[in-house]
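Participant: for reference, the sequence and a predicted model appear below.
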Amino acid sequence: MLDLRAAPVSLLCLAVVCLIVRPGAGGRAPDPDAAQPTTAGADELLERLGNAWFSRDLDGYMALWDFDSERERGAELAVVREAFASDETVMTVVSQPRNVVGTVRMAAEVRIFVATEPTARVDSWRLLIERRNERWFFVEKESRSDLHDLVHLPLGQEAWRARGVLLRLEDFELRMEDGTLFATPESVGRTALVFVGRGRVRFAPGPAAEREQLRQFAGKPELDRAVKWAFVRLHPDEFEELIDTSRLDSERRAIDVLHHDITARFDPSRFLVSAVDTIRLRLLSPVSTLRLKLHDDFRVSSVTTEEGRGLLFLRVRERGSLVVSLGHRSWRSGEFSLTVRYAGRHDPDPVEGELLQLFPEPRSRLAEQLLLTRPPLVYSNRTAWYPLRPGRTSRRCGPASTPPRESWRSPGGSWCRPAPAKDASARNTA
């Protein structure tokens, strides 16, 4: 006999199974990758790490980590605190996280430069990134290589114009066709040379083993290549023996700065400045390099021409110099423009004579209260907070009309209106 009493239950179970398995009308099957984590958050995490390192934001840096123990946290805190207290530190990303859908653990590599005068070190870190509680964190750091006990050899104040100057050794030759030559000061000996400009290097090693090594590295057993810069170490006694110093001319004025168009952003709470300065120049004679004065606090990110072409540049530390190789503009005089992008933490000048320029006489009661409760921040030409021609240290303020409400005056003589945001943004035409 067939018992049909269980049939309704079986049919009900079958209906439930169909509802679960079969998509609804007009629906589609779920994407298996839709809920998988991507590396977009990891890339952003790495960018935030670089920003925190650049601004020396200790709390912001540590907030990006999720440590397994307080011991690990304390060790990382000590390392970073020491780096942020140094004279200069730079983080460079060497490799980005691999973009693989579904990855919850990946790695990135960074290089750290830390300098406390007169020594420095370079560290390479492999950072492990992991997704925890729907967020990406740095969870582990592995030191891959260290380069310690670097010694800073400062370059002297003097610079020479080098045209057709030859430095020749047994198997090496540097022909400085046109450019600027720097050297360490005489007090420590001319032991380090830096050439920036247009030159040519020839290297032909004698030993067969060295020629084979050069072939593996450069593809040829001899090297003959045009260069835009060169660094050479010599024994101090060899400087005048290897270089015809009679062909070195002290740098003379070769440029006129006609105009500055500066767009700057200030963070008064941390003295951070980021700026873009478009400089109108006039070359008085054809040169291949240009030397400007910019405070050592600032890190230059790029120097470009009117056409947007990037130019090679060099910062001379502890000399406040920015040396720019003019590239395709070499050997052409006349007017042209350069755009310099830079940023850094720069303490403003002590308030001295500039204080008298803030308010017309007689000072209002509001002005007196402002001076007492919130001292003004003064960025003057004496500290070269924007690129200047060497030898120019100050400038008088030009005439200006009555300032608009809630504005402040720049040392160049024009009025700037701060942005209503947390940090002030200003545009100055000097």
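Facilitator: Great, that's in hand.
Participant: quick one, helices of the protein?
Facilitator: Secondary structure of the chain, counting by DSSP state H: helices at 7-21, 40-55, 58-62, 70-84, 208-218, 239-242, 365-373.
Participant: by mean pLDDT, show me the worst of the ones you listed.
Facilitator: Mean pLDDT values for the helices of the chain show the minimum at helix 7-21, a mean of 38.
Participant: and the longest strand along the chain, how far out from the chain middle?
Facilitator: The strand that spans the most residues within the chain, counting by DSSP state E, is strand 135-151. Averaging C-alpha positions (CA atoms, centre = their mean, to the nearest Å) puts strand 135-151 20 Å from its chain's average.
Participant: may I see the buried residues of that strand?
Facilitator: Using 16 or more other CB atoms under 10 Å as the test for burial, strand 135-151 gives 136, 137, 138, 139, 140. (C-beta placed from N, C-alpha, C; glycine too.)
Participant: check contacts around the fourth one.
Facilitator: Pointing back at residue 139 there. 65, 66, 67, 68, 128, 129, 130, 132 (CB atoms under 8 Å, 6 or more residues apart in numbering).
Participant: bridged to the closest residue to the first one other than its chain neighbours, which residues?
Facilitator: Here the nearest residue to residue 65 in space, its sequence neighbours aside, is residue 138; by CB to CB, 6 or more residues apart in numbering that works out to 4.8 Å. Going by DSSP bridges, residue 138 is paired in beta bridges with residue 65, residue 129.
Participant: do residue 176 as well
Facilitator: residue 165, residue 199.
Participant: so it sits right up against residue 166, yeah?
Facilitator: Yes - in this structure, residue 176 is within contact of residue 166 by CB atoms under 8 Å, at 7.4 Å.
Participant: neighbour count winner among the two?
Facilitator: Between residue 176 and residue 166, counted using other CB atoms under 10 Å, the more crowded position is residue 176 (27 against 15).
Participant: could you check the pLDDT of that one?
Facilitator: At residue 176, pLDDT is 92.
Participant: list the residues that contact it.
Facilitator: 162, 163, 164, 165, 166, 167, 195, 197, 199.
Participant: can you report how many residues lie near the last one?
Facilitator: One way to gauge burial is a neighbour count; for residue 199, by other CB under 10 Å, it gives 23.
Participant: residues touching it, list them.
Facilitator: Counting by CB under 8 Å, 6+ apart, residue 199 makes contact with 174, 175, 176, 177, 179, 226, 227, 228, 230.
Participant: could you redo the last one with a cut-off of 7 Å?
Facilitator: Contact analysis of residue 199 by CB atoms under 7 Å, 6 or more residues apart in numbering lists 174, 175, 176, 177, 179, 227, 230.
Participant: quick one: which two of those residues are the most distant?
Facilitator: Pairwise distances across the contacts of residue 199 (CB to CB) peak at 11.6 Å, for the pair 177 and 230.
Participant: count the neighbours of residue 83 for me.
Facilitator: 23.
Participant: does it touch residue 114 like I think?
Facilitator: Yes - the pair residue 83 / residue 114 is scored as a contact, 4.9 Å apart, by CB atoms under 7 Å.
Participant: so what sits against both of those two?
Facilitator: When contacts are counted by CB under 7 Å, 6+ apart, the set common to residue 83 and residue 114 consists of residue 89.
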